[in-house]
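S.K.: Sequence and predicted structure are below.
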Amino acid sequence: MGGILRVAELAGTDFVGSRHSGEKIRHRIKEAIDKGHKVVLDFNGVSGITQGFADEAIGILIRAFGIDTVVRHVSVVNANKKVKLVLNWVANYSKRIHARNNTGI
C-alpha cells in the first residue's frame, strides 16, 4: 500500500526518537516496495528525529534493497534541516554498507 505516511501522526509525537516508530514505518514502506507503489514520508510537524528512528525506517531498507530502489519508492516532504541531516547521514552510511556487502568483499 502506497500513499502518504504522516510521521508525526504515526509516531504520536513531534520528536521521533524510537526505533519502534521507525519499524512501523519501515513495514509500510516495504509493503509499498513489494507492490511497486510509492510512499511519501510527510514530516510536517516533526521537529527532529534520532539516528535510530531513521535507521529503522529507511537504513535497513537501503542496506537490503539498495539506495536506488528506496529512492524510486520513497519521497520525503516537509522535512526541516535537522531531519534532512539525519536522514541523509543514515542513507549515506547504509548505501556504503549495501555496496560493500554486494561486491563480494
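M.R.: Looks like it came in fine.

S.K.: which helices and strands sit right next to the stretch of helix or strand Ser94 belongs to?
M.R.: In this structure, Ser94 is located in helix 81-101 according to DSSP states H and E. Where contact means 3 or more CB pairs under 8 Å, 6 or more residues apart in numbering; DSSP states H and E, helix 81-101 is packed against strand 48-49, helix 51-54, helix 60-65, helix 67-73. (Each C-beta comes from the backbone N, C-alpha and C, glycine too.)

S.K.: How about the last one, which residues are buried there?
M.R.: Right, helix 67-73. Residues Ile67, Val70, His73 are the ones in helix 67-73 that count as buried (16 or more other CB atoms under 10 Å).

S.K.: OK, contacts around the second one?
M.R.: So the one you mean is Val70. Contacts for Val70 (CB atoms under 8 Å, 6 or more residues apart in numbering) come out as Ile29, Ile33, Ile58, Leu61, Ile62, Ala91.

S.K.: Just send these back as JSON lines, with distance to Ala99, neighbour count and pLDDT too.
M.R.: What follows is the contacts of Val70, written out as JSON lines (distance: CB to CB, whole Å; neighbours: other CB atoms under 10 Å; pLDDT from 0 to 100):
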{"residue": "Ile29", "distance to Ala99": "20", "neighbour count": "23", "pLDDT": "95"}
{"residue": "Ile33", "distance to Ala99": "19", "neighbour count": "19", "pLDDT": "92"}
{"residue": "Ile58", "distance to Ala99": "16", "neighbour count": "23", "pLDDT": "97"}
{"residue": "Leu61", "distance to Ala99": "15", "neighbour count": "24", "pLDDT": "97"}
{"residue": "Ile62", "distance to Ala99": "10", "neighbour count": "24", "pLDDT": "97"}
{"residue": "Ala91", "distance to Ala99": "12", "neighbour count": "20", "pLDDT": "97"}
